[in-house]
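In: With the sequence up front, the predicted model follows.
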Amino acid sequence: MLQAISLSKEYNSFKALQNLDLEVKPGEVFCLLGQNGAGKTTTINLFLGFTAPTSGRALVNGREVVPGAVTTRRDIAYIPEVVMLYGQMTAMENLDYFSRLAGVTCHKDELAAFLSQCGLQADAHHRPLGGFSKGMRQKVGIAIALAKNAKAILMDEPTSGLDPRATDEFTTLVLQLGKQGKSVLMATHDIFNAVTLGTHIGIMRQGQLVYTVKAADINANDLQQLYLQTI
């Protein structure tokens, strides 16, 4: 569903990403670990078409990503560190609005079902997002991804700033996305969470993917030691 082929990005003389080869299949959750500046966000931005690669290719569902084109955007959704939605609008209104932007029209009952599926309590469906916590905003963002039937979901530091309960709820939600056949690519600093919800884990350093492992083959302590040795 997501594939990088010798993907590289340079900003003047700075090599933000170097010859990345990566594949995320349906149902897989690939967690990218690495320090700030390692290339995690650059990778996500290239899949989203926010910037053009210097060389190589980024593919979504077999189609090459071209900045400004909409062909690959239909299949992906983006959950940034801070989900930017309209604070004066309710959760239902945000979901309805962004679903329509994606070309999908849902009945109110369907919208409510998506929000409930993402763990948003019914009494919050009609409240303005201005008073929502980060975790609640994320649930609305993921509901938008479900409503537009996105096949791949890209996340950038989604657990940053979440309390333990919100992190646990988020983990459960991502595991459900994998079971539904969604492909998830997540940039994170959270080693424990990567082992808990990931199917695959990659460690990046200075724009390169230097190590990959199946999450089932490593525990959090060993991953932490590997991470410290790698960076």
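Out: That came in fine, so what should we check first? Numbers count the residues shown, from 1 in each chain.
In: Report the secondary structure state of the most centrally placed residue in the chain.
Out: Nearest residue to the geometric centre of the chain (Cα atoms, centre = their mean): residue 155, 2.0 Å. Secondary structure state of residue 155, per DSSP: H, G, I helix; E, B strand; the rest coil, is strand.
In: With the one 5 residues further on instead?
Out: When classified by three-state DSSP, residue 160 comes out as coil.
In: One more: residue 126?
Out: On the three-state scheme (three-state DSSP), residue 126 is labelled coil.
In: Quick check: it vs residue 104, distance?
Out: Per Cβ to Cβ, to the nearest Å, residue 126 is found 20 Å from residue 104. C-betas here are computed from N, CA, C, even on glycine.
In: thought the residue nearest to the centre of the chain was touching residue 184?
Out: Yes - Residue 155 lies in contact with residue 184 (Cβ atoms under 8 Å); the separation is 6.7 Å.
In: Beta-bridge partners for the residue nearest to the centre of the chain, please?
Out: Beta-bridge partners recorded for residue 155 (DSSP bridges): residue 79, residue 186.
In: and it, what does it touch?
Out: Contacts for residue 155 were tallied using Cβ atoms under 8 Å, 6 or more residues apart in numbering; they are 78-80, 184-188.
In: any idea of the pLDDT on it?
Out: Note for residue 155: predicted pLDDT of 95.
In: so how far is residue 19 from it?
Out: Relative to residue 19, residue 155 is positioned 24 Å away (criterion: Cβ to Cβ).
In: Pull the contacting residues for residue 189.
Out: With Cβ under 8 Å, 6+ apart, residue 189 has these contacts: 33, 157, 160.
In: switch the cut-off to 10 Å
Out: 33-36, 40, 157, 159-160, 227 (Cβ atoms under 10 Å, 6 or more residues apart in numbering).
In: Packing partners of the longest helix along the chain?
Out: Secondary structure of the chain per DSSP state H: the longest helix is helix 164-179. Under the contact criterion of 3 or more Cβ pairs under 10 Å, 6 or more residues apart in numbering; DSSP states H and E, helix 164-179 touches strand 29-33, helix 134-147, strand 152-156, strand 183-187, helix 191-197.
In: would you list those in JSON lines and tack on distance to residue 171?
Out: Compiled in JSON lines, these are given as follows (distance: least, Cβ to Cβ, whole Å):
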{"stretch": "strand 29-33", "distance to residue 171": "10"}
{"stretch": "helix 134-147", "distance to residue 171": "11"}
{"stretch": "strand 152-156", "distance to residue 171": "12"}
{"stretch": "strand 183-187", "distance to residue 171": "11"}
{"stretch": "helix 191-197", "distance to residue 171": "5"}
